[in-house]
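Chemist: predicted model and sequence follow; I will ask about them next.
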Amino acid sequence: MLLDLSIVQLSEGLKAKKFSSEDIVKECYKNIERFNPTVNAFITLLDKEDVLRIARERDKNRENNNSILYGLPYVIKDSYNTKGIKTTAASNVLGNYIPPYSATVYQRLVDAGAILIGKTNMDAWGHGASSENTDFGPVKNPWDQSRVAGGSSGGNAAAITARMAVFGIGEDTGGSIRNPSGWCNITGLKVTYGRVSRYGCIAYVSSFDTMGPMAKTVEDCSHILRVIAGHDPHDATSSPKEVPDYSKDLKKQLDGLVLGMPKECYGEGVDPQIINLIKNAAKEYEKFGIKIKEISMPMLSYGVPVYYLIGTSETSTNLARYDGVRFGQGREKFTKETMRRIMLGTYALSAGYYDAYYKKAQQGRTLFIKEYQKALSECDLILMPVEPMAATKIGELINNPIQNMLADIFTCQTPVGVPSLAVPCGFTKENLPIGMQIIGKMFAEPLLLQLGYAYQQVTNWHKKRPKLAE
Amino acid sequence: MGKTKTILSLEEVKHVAKLAKLGLSADDINNFQKQLTAIVELVSKLKEVDTKDIEPTSQVTGLENVFRQDTIKPSLSQKEVLANAPRIHKGYFVVDAIFE
């Protein structure tokens, strides 16, 4: 099917008139009609006839447009403001909200001529690792519908693995791109904080939130990132650093690089099958002349407390604006999970507890940053699992707040700001996909993408689709 | 800091709910007391870490004092701004009375 092709293949095929945007969009809707009733990846699916009309316009105007994403259908997490299109952040609080403006990332995709198909399901406000904390029903994992797709950008991951769109735009605050990417067998990039504008994406933790691509391959992610990255006058935290041509250097030689494996990530509490799969991936890297080095990161076990204390504090202030006066509905419509996070954050910031919790966590954040700086001085990149276990059963995480927190154990380095690429690296014996993540220094996206790309040239894990989509 | 377990009292949970403007039922308050106590216990692991003389970090961009020209640009129209409001009156948002 066309949706198995890469962005480059699709773009070239469109230019050579081998097929049209209309053909690709039709295939998306065919798969959506077949699989979405089971998977529940969407909160808002755009009207098929409207989208087909846009596709035909793109087909007509192709010659005047050069973006590689021109005429390609995609999905976006429902946390992005999309002018004139309902935006809920998966919460009934915003159940009737029609944004009067657009997020910068979405606007850049509009300008590039990409075609939006729909807004995807997620954990409300980004609060979760399973896409169960949603007022629109949980997202089911296309690889096993009794399991979750991961979260919070679960709808994107499910839609891409089930071939309902060419690519997706997610958002990662504590693993929200990488976790569902790993559990659904797709590729997802958590960018360096500030690399991509946050403007218009509904905030979870303002000092951690990052906007990034989710797709079938590393190469696809490199092309999407080039379009969405860069400074934005609307986001003062966006970086003025130049945006490299990420796809140009994908084939660079990797020999001589040192890949660190923190011993804390390969022991107790991690599924042995996952440890084996990642060790196999490390062997593939050795064939490229990369040196594998065991490192130690003892601060990792304090990651969840640092992430969670600062995260809930910031989310309690960010969500304070939802008063149902100017837009949206009342605060009684928050889910229990969201209320719990608001409560913890309010507690950590309140008089008498501020120093013991919030300030302590900010100091912990400093130490956490130092821990990563030290590790990344001993090696060029760090390799670790995305998750300590394969996708959980529906109900498992949402009914256990502590387990839900601990699911972020390897993805909660977001207080550090460093980028991380999640890549499929195999399957458990139950045929559940597993992801590994490659972490680098600030703005090391080119290197992460090179490593991910090299791995996908010698492995086929990322090409596998779920039986449901066969 | 001591190793005594922090237990949130029902009064504290009610106080925090009030600060966060969340109207909670008696059941909610009971559940949150137990769950928040367990969560606070978990995050209190951070107390093991020596943070004496460590500067707190609030952002990681390395950017400071980001300025721009204060130029006037078109903004949303009044109609657009009010379009999502549940209650409006003569071009204003309607809010609940705060003072008696």
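Modeler: Alright, I've got the coordinates. Quick caveat, the model's predicted, so the values are computed rather than measured.
Chemist: after the lowest-mean-pLDDT helix or strand in chain A, next one along is what?
Modeler: Least confident helix or strand, chain A: helix A:401-406 with a mean of 90, by mean pLDDT, DSSP states H and E. Heading C-terminal from helix A:401-406, the first helix or strand you meet, by DSSP states H and E, is strand A:420-427.
Chemist: packing partners of that next one?
Modeler: Using 3 or more C-beta pairs under 8 Å, 6 or more residues apart in numbering or on different chains; DSSP states H and E, the elements in contact with strand A:420-427 are helix A:178-184, strand A:187-190, helix A:218-228, helix A:272-287, strand A:433-439, helix A:445-458. For the C-beta atoms, the positions are set from N, CA and C on the backbone; glycine is no exception.
Chemist: neighbouring strands for it, and are they parallel or not?
Modeler: Sheet pairing for strand A:420-427, assigned by DSSP bridges, gives strand A:187-190 (antiparallel), strand A:433-439 (antiparallel).
Chemist: quick check: A:Ala124 vs A:Asn66, distance?
Modeler: Counting by C-beta to C-beta, to the nearest Å, the gap from A:Ala124 to A:Asn66 is 38 Å.
Chemist: pick out whichever of those two has more residues nearby.
Modeler: A:Ala124 (31 against 11; other C-beta atoms under 10 Å in any protein chain shown).
Chemist: next, the residue sitting furthest away from the middle of chain A: secondary structure please.
Modeler: What lies farthest from the middle of chain A is A:Gly352; by C-alpha atoms, centre = their mean that is 36.2 Å. Under DSSP: H, G, I helix; E, B strand; the rest coil, the three-state class of A:Gly352 is coil.
Chemist: quick check: it vs chain B, distance?
Modeler: 10 Å (C-beta to the nearest C-beta, to the nearest Å).
Chemist: do the same with A:Arg198
Modeler: Taking C-beta to the nearest C-beta as the measure, A:Arg198 falls 11 Å from chain B.
Chemist: surely that residue touches A:Ser238?
Modeler: Yes: the criterion here is C-beta atoms under 8 Å, and A:Arg198 meets it with A:Ser238 at 7.3 Å.
Chemist: who's in contact with A:Thr312?
Modeler: Applying C-beta atoms under 8 Å, 6 or more residues apart in numbering or on different chains, we find A:Thr312 in contact with A:Arg341, A:Ile342, A:Leu344, A:Gly345, A:Ala348.
Chemist: got a list of what the first one touches?
Modeler: Meaning A:Arg341. If a contact means C-beta under 8 Å, 6+ apart, then A:Arg341 has A:His127, A:Gly311, A:Thr312, A:Thr315, A:Ser316 as its contacts.
Chemist: make sure it is indeed in a helix.
Modeler: Yes: per three-state DSSP, A:Arg341 lies within a helix segment.
Chemist: and the closest residue to it other than its chain neighbours, its phi and psi?
Modeler: Nearest residue to A:Arg341, sequence neighbours excluded (C-beta to C-beta, 6 or more residues apart in numbering or on different chains): A:Thr312, at 4.7 Å. Backbone geometry at A:Thr312, expressed as degrees, to the nearest 10, gives phi -70, psi -30.
Chemist: and the pLDDT for A:Thr312?
Modeler: pLDDT, A:Thr312: 98.
Chemist: roughly how far does it sit from A:Ala16?
Modeler: Counting by C-beta to C-beta - A:Thr312 and A:Ala16 are separated by 51 Å.
Chemist: are stretch A:224-238 and chain B in contact anywhere?
Modeler: Yes: counting by C-beta under 8 Å from any C-beta of the partner chain, chain B has neighbours in stretch A:224-238: A:Pro233, A:Ala236, A:Thr237.
Chemist: what strand or helix carries whichever residue of the stretch 201-350 of chain A sits closest to chain B?
Modeler: Residue of the stretch 201-350 of chain A nearest chain B, by C-beta to the nearest C-beta: A:Phe327 (3.5 Å). Using DSSP H and E, A:Phe327 falls within no helix or strand.
Chemist: got phi/psi on the closest residue to A:Leu3 other than its chain neighbours?
Modeler: Of all residues not flanking A:Leu3 in the chain, A:Arg163 sits nearest, at 4.0 Å (C-beta to C-beta, 6+ apart). Dihedral pair for A:Arg163: phi 60, psi 50, per degrees, to the nearest 10.
Chemist: tell me the contacts of A:Arg163?
Modeler: A:Arg163 neighbours (C-beta under 8 Å, 6+ apart): A:Met1, A:Leu3, A:Asp4, A:Glu27, A:Cys28, A:Asn31, A:Arg465, A:Ala469.
Chemist: do the same with A:Thr338
Modeler: A:Ser91, A:Ala124, A:Trp125, A:His127, A:Asn133, A:Leu319.
Chemist: okay, now A:Arg321: neighbour count?
Modeler: Counted with other C-beta under 10 Å, A:Arg321 comes out at 11.
Chemist: per-residue pLDDT, it?
Modeler: At A:Arg321, pLDDT is 95.
Chemist: same thing with A:Met122?
Modeler: Note on A:Met122: pLDDT of 98.
Chemist: I figured it was touching A:Ala158, is that so?
Modeler: No: using C-beta under 8 Å, A:Met122 makes no contact with A:Ala158, being 10.7 Å away.
Chemist: tell me, what's touching these two both at once?
Modeler: By C-beta under 8 Å, 6+ apart, A:Met122 and A:Ala158 have these common neighbours: A:Val139.
Chemist: and stretch A:168-176, does that touch chain B?
Modeler: No: with C-beta under 8 Å from any C-beta as the criterion, chain B is not reached by stretch A:168-176; the gap is at least 13.4 Å.
Chemist: next, the distance between the ends of that stretch.
Modeler: Terminal residues of stretch A:168-176 lie 13 Å apart, using C-alpha to C-alpha, to the nearest Å.
Chemist: now do the helices in chain B.
Modeler: Secondary structure of chain B (DSSP state H): helices located at B:10-19, B:26-43, B:78-82.
Chemist: and the second one, what's its mean pLDDT?
Modeler: Mean pLDDT, helix B:26-43: 95.
Chemist: state the phi and psi torsions of the residue farthest from the centre of chain A.
Modeler: Dihedral angles (degrees, to the nearest 10) for A:Gly352: phi 100, psi -20.
Chemist: do A:Leu383 as well
Modeler: The phi and psi values for A:Leu383, taken as degrees, to the nearest 10, are phi -110, psi 120.
Chemist: likewise for A:Ser176?
Modeler: Main-chain dihedrals, A:Ser176, degrees, to the nearest 10: phi -70, psi -20.
Chemist: okay, it: pLDDT?
Modeler: At A:Ser176, the predicted lDDT confidence score is 98.
Chemist: again, but for A:Ala469
Modeler: With respect to pLDDT, A:Ala469 scores 80.
Chemist: quick one: contacts for it?
Modeler: A:Asn31, A:Phe35, A:Pro142, A:Thr161, A:Ala162, A:Arg163 are the contacts of A:Ala469 under C-beta under 8 Å, 6+ apart.
Chemist: mind checking which of these land in helices?
Modeler: Counting by DSSP H, the contacts of A:Ala469 place A:Asn31, A:Phe35, A:Thr161 in helices.
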